[in-house]
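**Q** I would like to see how this sequence folds:
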Amino acid sequence: MGGNQTSVPEFLLLGFPLSPRMQLLLFGLFSVFYAFTLLGNGVILGLISLDSKLHTPMYFFLSQLATVDIAYACNTVPQMLVNLLSPAQPISFAGCLTQTFLFLTFAHTECLLLVVMSYDRYVAICLPLRYSTIMSWRLCITLAVASWTSGLLLALVHLVLLLPLPFCGPQKVNHFFCEILAVLKLACADTYLNKVVVLAGAVSVLVGPLSAIVVSYGHILRAVLKIQSAEGRQKAFSTCSSHLGVVGLFYGTAMIMYVGPQHGDPQEQKKYLLLFHSLFNPMLNPLIYSLRNREVNAALRRRLEKGRPS
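**A** Residues are numbered from 1 along each chain as shown. This next block holds a predicted model:
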């Protein structure tokens with residue numbers, strides 16, 4: 001950046017335009033949700049690391065998803081809670097860009113991890129005899145590292161294009177965190193290229209991966225329907241239903257935000273959709289997996305019984 005390219009030292013996050021009483025109520029409610037997010041994903045991580053029966057590729061990828069969810073929530077929710085107590089809270093220019101970069105990194109990584117998890121389920125159900133050979137630990141670690149690295153590099157592209165832009169006021173970000181499109185609105189230069197890259201990035205990490213997931217589950221459904229026993233079909237469906245629930249929540253809100261057509265006031269709609277994306281999705285993911293997964297429930301019971309005095 002040049003000498004006076006960025007004359008705005010900080011931004012003001014406007015958050016949600018609500019009455020003080022409503023803001024206080026939401027602060028309490030969202031604080032509870034945030035605590036449940038950290039607790040739920042922390043329990044999932046703890047169970048997977050401590051219980052040897054969960055040391056499988058499926059739960060390895062689930063632990064990566066829980067890590068992303070914790071990081072995802074920690075990047076945006078604390079700032080939002082501060083804003084609810086003290087509206088129009090300032091955030092430094094560097095802090096704002098860091099928050100944008102981390103949000104994009106975690107969002108891209110989660111998109112890719114969900115594709116990897118669908119591939120794991122495809123191999124487990126469609127190629128069960130070759131599962132242990134194909135899903136080796138070397139491949140699992142490679143896929144996880146590739147997801148994180150790709151997420152980081154894709155976010156870096158947006159950051160490199162964002163850094164040279166001049167910001168000379170107004171400095172009010174109409175959001176509860178530094179979401180990239182809300183920040184771009186404050187630049188006093190042409191941001192057409194940035195917006196094109198945001199749309200292209202959204203299509204590449206949403207439409208492409210979602211198509212791959214749909215294809216995977218098409219093969220899975222065909223394989224499950226060929227299973228003769230009802231018990232076998234139920235077991236196969238139970239291992240996939242949790243993942244499908246998470247995919248629906250994540251991709252559904254993300255597609256509406258960045259790819260779907262806009263109606264009414266898109267900025268206000270995106271705020272509330274991103275609130276769901278940043279707070280409710282990470283909180284619901286461990287609930288979906290724990291409530292519908294017998295192995296996670298069994299692992300939790302084993303840990304509780306070990307902790308009980310004899």
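
**Q** give me the neighbour count for Val123.
**A** Val123 has 19 neighbours, counted by other Cβ atoms under 10 Å. (Glycine included, C-beta is placed from N, CA and C.)

**Q** ok, now how distant is it from His219?
**A** From Val123 across to His219, the span is 10 Å (Cβ to Cβ, to the nearest Å).

**Q** go on, Leu152?
**A** Distance of Leu152 to His219, given as Cβ to Cβ: 30 Å.

**Q** what's the answer for Ser238, then?
**A** Distance of Ser238 to His219, computed by Cβ to Cβ: 18 Å.

**Q** just Gly245 next, same as before
**A** Here Gly245 is placed at a distance of 19 Å from His219 (Cβ to Cβ).

**Q** what about these two, which has more around it?
**A** Comparing Gly245 with His219 by other Cβ under 10 Å, the one with more neighbours is Gly245, at 17 against 14.

**Q** please, which helix or strand holds the closest residue to that one other than its chain neighbours?
**A** Closest residue to Gly245 apart from its sequence neighbours, by Cβ to Cβ, 6 or more residues apart in numbering: Ile288 at 4.7 Å. Element membership of Ile288 [criterion: DSSP states H and E] is helix 281-291.

**Q** leaving out the residues flanking it, which one is nearest to Gln79?
**A** Closest to Gln79 by Cβ to Cβ, 6+ apart is Phe177, at 5.4 Å.

**Q** and that neighbour, how close does it get to Phe103?
**A** As judged by Cβ to Cβ, Phe177 and Phe103 stand 7 Å apart.

**Q** these two: who's more crowded?
**A** Taking other Cβ under 10 Å, Phe177 and Phe103 do not tie; Phe177 has more neighbours (26 against 22).

**Q** the more buried one belongs to a strand?
**A** No - counting by DSSP: H, G, I helix; E, B strand; the rest coil, Phe177 is not part of a strand but coil.

**Q** list the contacts of it.
**A** Contacts for Phe177 (Cβ atoms under 8 Å, 6 or more residues apart in numbering) come out as 13, 75-76, 79-80, 99, 103, 274, 278.

**Q** re earlier: name the residues contacting each of Phe177 and Phe103.
**A** In contact with both Phe177 and Phe103: 75-76, 278, using Cβ under 8 Å, 6+ apart.

**Q** just the buried residues of stretch 198-207, please?
**A** Neighbour counts over stretch 198-207 (16 or more other Cβ atoms under 10 Å) mark 198, 201-202, 205-206 as buried.

**Q** now the terminal residues of that stretch, how far apart.
**A** End-to-end distance for stretch 198-207: 13 Å, by Cα to Cα, to the nearest Å.

**Q** re earlier: buried subset of the shared contacts of Phe177 and Phe103 as a ChimeraX selection?
**A** To isolate the buried ones among those in ChimeraX, judged by 16+ other Cβ under 10 Å, type:
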select :75,76,278
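
**Q** for the shared contacts of Phe177 and Phe103, which one is nearest Val68?
**A** Of all these, Val68 sits closest to Asn75, with 10.5 Å by Cβ to Cβ.

**Q** can you tell me what sits against the helix holding Ile288?
**A** The contact list for helix 281-291 (Cβ under 8 Å, 6+ apart) reads 33-34, 36-37, 40-41, 43-44, 62, 65-66, 69-70, 72-73, 242, 245-246, 249-250, 253, 296-297, 300.
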